[in-house]
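Novice: build me a model:
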Amino acid sequence: MGAGTDPDAWKDRCMISIVVSATAYTFEGFTEDITAMDWGDKDIEGVALVNGGRVVKFNPMGDESITMKVYPINAENTSDEGVVQHFHPQNPKDATQPIAVDNSLERYKHKVILLWAETLPPNATTQPAIGNTAYRIQIINAYMTSYKPSYDDKTFSAEVTFKWTPFQKDGTANKREESTDGTVVLPTGTGDTSSTVFTT
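Specialist: Have a look, this model is predicted:
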């Protein structure tokens, strides 16, 4: 099968997977509801020399974050319909009705995957079909740092923010961006249930 056709721009819908505690939660989202992709700056500074010249000083890359709007239906952590227990982990997870989520000192590590493709697969951890162009962003070792419910447009929603450092302690990356022209598929398989390993 031949390669797909690159679109003028990726827009409209995307698949979003959030992996935490060995479970992948799948969401279908509108790209416009991703309100901020704050990738860290790799800034520089000019350091003055006594002769009036300058040398470049590299500043460490800044922390990164992504903010998106979600529409929670419940407070469970066993479905794709709620996110509050990602922000306030319960130990153990509360899946017994009625669900109760207390403020928690615990924090989960998350993997966040965003996928745009000519034809979207069932979730962001699944390979798009051969012949489909696609673009994917993977983030690992991310923490949900903000969960702000609201009643905008008379619909219950929440704005959530995931934040991560650009690199791990050993200098390896915490974010990966990938694309394919359709001649090969994006890799998938191992790492799908890990919050600390890229889908490979």
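Novice: please determine how far the residue in the chain sticking out farthest from the centre is located from Glu45.
Specialist: The C-alpha centroid of the chain is most remote from Asn51, which lies 47.2 Å away (C-alpha atoms, centre = their mean). From Asn51 over to Glu45 the distance is 18 Å, taken as C-beta to C-beta, to the nearest Å. Glycine gets a C-beta too; all of them are placed from N, C-alpha and C.
Novice: likewise Asp63?
Specialist: For Asp63, the distance to Glu45 equals 18 Å [C-beta to C-beta].
Novice: who's more crowded, the two?
Specialist: Asp63 (15 against 10; other C-beta atoms under 10 Å).
Novice: now do the contacts for Ile16.
Specialist: Ile16 sits next to 26-29, 68, 112-115, 124 when contact means C-beta atoms under 8 Å, 6 or more residues apart in numbering.
Novice: okay, it: pLDDT?
Specialist: Here the pLDDT value assigned to Ile16 is 90.
Novice: name the nearest residue to it, sequence neighbours excluded.
Specialist: Phe27 (4.4 Å; C-beta to C-beta, 6 or more residues apart in numbering).
Novice: cool, and Thr161?
Specialist: Ser146 (3.8 Å).
Novice: is the one you found in a helix, a strand, or coil?
Specialist: strand (DSSP: H, G, I helix; E, B strand; the rest coil).
Novice: okay, now it: neighbour count?
Specialist: 14.
Novice: that one touches Val160, doesn't it?
Specialist: Yes. Between Ser146 and Val160 there is a contact under C-beta atoms under 8 Å: 6.4 Å.
Novice: Ala24 against Pro122, yeah?
Specialist: No. Using C-beta under 8 Å, Ala24 is not in contact with Pro122, being 11.0 Å away.
Novice: so for these two, which sits in the more crowded spot?
Specialist: A count of neighbours by other C-beta under 10 Å puts Ala24 above the other of Ala24 and Pro122, at 20 against 9.
Novice: please name the bridge partners of the more buried one.
Specialist: In this entry, Ala24 is beta-bridged to Val19, by DSSP bridges.
Novice: contacts only, for it.
Specialist: 17-18, 123, 125, 192-193.
Novice: show me the contacts for the spatially most central residue of the chain.
Specialist: Residue closest to the average C-alpha location in the chain (C-alpha atoms, centre = their mean): Val112, at 2.9 Å. Neighbouring residues of Val112 by C-beta under 8 Å, 6+ apart: 16-19, 66, 137-139, 142, 162.
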